[in-house]
Each structure stands twice: as C-alpha cells, then as structure tokens.
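Visitor: Predicted structure and sequence below. I'll ask about it afterward.
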Amino acid sequence: MKLLKRLVTLAWVLALLVTGCVLYLFNSETVAIDLVWFQIPAVSLAVALMSTFVIGVVTGGILSILVSIWPHKKRNPS
C-alpha cells in the first residue's frame, strides 16, 4: 500500500511537471500586468497563468477552512 501511494504521488508530480513544461513552451509570450494599485513587470504568460492558479487554489483553501470553522448560529425552533 505504501508503494502504491508513492507511485501515485510520483505520477501526480510528474504530471504537474509535464503540464508546467507544456504550458511554458506554448505560452512563452511576455505580458505586463497592470492592476490599479500594483504593476507587475513583463513575465511570460505561463508564469502569470500558473501563479494565478496557485493564488486561486490557496485563497479557495483558506476560505473553505474559514467557512468550515466559522461558528454557526443555532436556530430556535419556535
């Protein structure tokens, strides 16, 4: 079972690496991101896409954890 978990983890990591390499190869154009309060200098489109994805996953995870531990009001059946 331990070997199976390691193989699944290895396959997952390799799939992520291949996805990142393909994304970089097909999206090598540079883009400059200009937000209202913050400017990001020109980076490759692949880097911008991957960092946006990671930021979204982290933000979603944090919000999910906060919602799950947030105290709920109990309703009084009346």
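Guide: It's in.

Visitor: helix, strand or coil for residue 42?
Guide: strand (DSSP: H, G, I helix; E, B strand; the rest coil).

Visitor: give the contact list for it.
Guide: Listed by C-beta atoms under 8 Å, 6 or more residues apart in numbering, the contact set of residue 42 reads 30, 31, 32. Every residue, glycine included, has its C-beta placed from N, CA and C.

Visitor: By neighbours, which of the residues you listed wins?
Guide: residue 31 (15 neighbours; other C-beta atoms under 10 Å).

Visitor: The helix or strand hosting it: partners in the sheet, and parallel or antiparallel?
Guide: Using DSSP states H and E, residue 31 maps to strand 30-34. In the sheet containing strand 30-34, its partner strands are strand 39-44 (antiparallel), by DSSP bridges.

Visitor: which element follows the strand it pairs with toward the C-terminus?
Guide: Going down the chain from strand 39-44, the next helix or strand is helix 45-69, by DSSP H and E.
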